[in-house]
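Visitor: Generate coordinates for the sequence data below:
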Amino acid sequence: MKKHVLVAVCLMVGWAVMPANGSVLTFDPPGAGTINGGVNQAYGDNMPGTPDVTVSYNAGANPETQLTLWDNYFGNLTNVIAPSSSGTDITITFTAGGGHSVTVAGFDMGVYFGTYDIPWTAKDGSDATLASGTVHVVDGATHAHADITGATADVVKLTVETSTVGGNAIYVAMDNVAFYEDGITVTGKVVLDNYTGDGGGSPNLDMVGVRVSFDNTTDNSTIVVKKLLLNSDGTFSVAGIPSGMYNVAVKTYAHLQTVLLNQNITTDPFPLGGPGAEIHLTSGDIDGNNVVNATDLLIVQMNMFYPEGDCNHDGYVTEADLTIVMDSLDKLKGEAGYDERADLDSDEEITSTDLSIVLNAMGG
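Guide: Residues are numbered from 1 along each chain as shown. Next comes the predicted model:
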């Protein structure tokens with residue numbers, strides 16, 4: 001079972017929401033080790049979302065044997081780590097290199113037998129407490145979740161004090177440990193060819209939505225940032241991008257996508273294309289398929305006599321058009337409830353941008 005999903009600019013596990021520069025320890029074999037065996041000490045090191053972070057488990061002699069991998073029996077969690085014996089805590093240490101910091105954001109707990117309140121602490125490299133709390137686990141429940149706030153440092157040591165339940169420590173397990181590193185802020189400036197805005201001189205690009213995707217050329221992972229709003233001068237910034245080599249694609253409504261190849265994102269902040277560079281997008285792609293052809297011309301001809309925001313093509317922008325957008329708000333193309341008439345910016349999703357087009361046309 002896959003337990004982590006990369007979506008838009010967030011990584012979501014359980015109830016935790018992670019930025020794109022995040023990773024989750026799901027303890028899936030074979031990377032984490034073998035079921036009924038010890039933990040692989042290299043598991044979690046330099047993961048795609050956190051390339052500068054290494055992870056270690058427990059301490060002392062033979063630390064990997066202090067924890068055991070199990071595949072089930074702990075609520076609805078699968079592939080978990082549990083103490084191998086009574087009197088053992090679960091300790092995971094995250095170390096960020098290269099001047100970065102690491103943040104531990106949360107974890108899940110399950111129990112095979114019993115009901116317990118288990119303390120946990122997050123400390124920095126000098127053993128100063130950054131955060132602490134208690135997680136309540138109940139036999140027969142799905143699982144418990146602990147959110148962590150403030151656990152940021154170059155070294156973060158997360159300890160779940162399973163030893164407090166004595167001989168029953170082996171019946172308590174941990175999963176889905178979410179963490180992220182600080183990442184790099186990427187900046188850019190977009191120029192939309194033939195875009196005049198409201199026609200009143202220099203175009204104001206404020207509230208123009210763009211999609212930016214980062215394709216890592218090393219591990220083939222992709223980070224997609226949808227509906228990023230430009231500043232009035234066309235500039236934008238994306239925070240939390242892991243360092244690495246990327247091909248970066250920029251796309252907006254009615255304009256062709258531009259790809260900047262081999263962007264070595266290592267300095268913070270990182271200007272796409274180099275200092276002072278502009279990202280020019282060619283106009284004419286009305287249907288959003290990244291090709292300018294007869295279909296785009298046909299769309300223009302069909303809509304040229306209707307006001308912007310007129311979803312139902314009755315010649316007016318009214319509450320009926322507003323209802324069409326509201327009924328499809330937050331829907332993606334292919335999802336139930338998606339109405340193509342409401343996709344006024346042709347980005348295959350109904351968002352606040354489409355809503356703003358109708359409201360502005362209504363004078364709202």
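Visitor: so who does G22 touch?
Guide: For G22, the contact set (CB atoms under 8 Å, 6 or more residues apart in numbering) comprises 11, 49-50, 105, 178-180. C-beta: built from backbone N, CA, C; applies to glycine.
Visitor: ignore the last one, M245
Guide: Contacts of M245 (CB under 8 Å, 6+ apart): 216-218, 262-265.
Visitor: switch to 6 Å and redo it
Guide: Contact partners of M245, counting by CB atoms under 6 Å, 6 or more residues apart in numbering, are 217-218, 264.
Visitor: And for A32?
Guide: A32 neighbours (CB under 6 Å, 6+ apart): 40, 43.
Visitor: go again using 7 Å as the cut-off
Guide: 39-40, 43, 69 (CB atoms under 7 Å, 6 or more residues apart in numbering).
Visitor: distance between stretch 343-350 and the chain's centre?
Guide: 21 Å (CA atoms, centre = their mean, to the nearest Å).
Visitor: Using CSV, write down the CA coordinates of that stretch.
Guide: Extracted as CSV, the C-alpha positions of stretch 343-350 are listed here (Å, rounded to 0.1, in the frame of the first residue of the first chain):
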residue,chain,number,x,y,z
ASP,A,343,-13.3,26.9,-16.6
LEU,A,344,-12.9,30.5,-17.9
ASP,A,345,-9.1,30.4,-17.9
SER,A,346,-8.9,27.0,-19.5
ASP,A,347,-6.5,25.5,-17.0
GLU,A,348,-8.7,22.3,-16.5
GLU,A,349,-9.6,23.2,-12.9
ILE,A,350,-12.2,25.6,-11.4
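Visitor: Show me the contact partners of that stretch.
Guide: So stretch 343-350 is contacted by 209, 253, 286-288, 309, 325, 328-333, 338, 342, 353-354, 357 (CB under 7 Å, 6+ apart).
Visitor: redo that, cut-off 6 Å
Guide: Counting by CB under 6 Å, 6+ apart, residues outside stretch 343-350 touching it are 253, 288, 328-329, 331-333, 342, 353-354, 357.
Visitor: again with stretch 104-115
Guide: 14, 16, 73-75, 77, 122, 135, 137-139, 143-148, 151, 156, 158, 168, 171-179.
Visitor: Adjacent strands (with direction) for the one helix or strand V137 maps to?
Guide: For V137, the host element (DSSP states H and E) is strand 129-138. Paired strands of strand 129-138, with direction, are strand 115-123 (antiparallel) (DSSP bridges).
Visitor: just how off-centre is the partner strand within its chain?
Guide: That offset, for strand 115-123, works out to 27 Å (CA atoms, centre = their mean).
Visitor: ditto for stretch 188-196
Guide: The answer for stretch 188-196 is 27 Å, by CA atoms, centre = their mean.
Visitor: What residues of that stretch count as buried?
Guide: With burial defined by 16 or more other CB atoms under 10 Å, the residues of stretch 188-196 counted as buried are 188-190, 192, 195.
Visitor: Let's see that stretch as PDB, backbone CA atoms only.
Guide: In PDB, the C-alpha atoms belonging to stretch 188-196 read as follows (Å, rounded to 0.1, in the frame of the first residue of the first chain):
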ATOM      1  CA  GLY A 188      11.400  34.300 -11.800                       C
ATOM      2  CA  LYS A 189       9.800  37.000 -13.900                       C
ATOM      3  CA  VAL A 190       7.200  36.200 -16.600                       C
ATOM      4  CA  VAL A 191       6.500  38.300 -19.700                       C
ATOM      5  CA  LEU A 192       3.300  37.500 -21.500                       C
ATOM      6  CA  ASP A 193       3.700  38.400 -25.100                       C
ATOM      7  CA  ASN A 194       0.700  40.400 -26.600                       C
ATOM      8  CA  TYR A 195      -0.900  40.700 -23.200                       C
ATOM      9  CA  THR A 196      -2.300  44.200 -22.500                       C
END
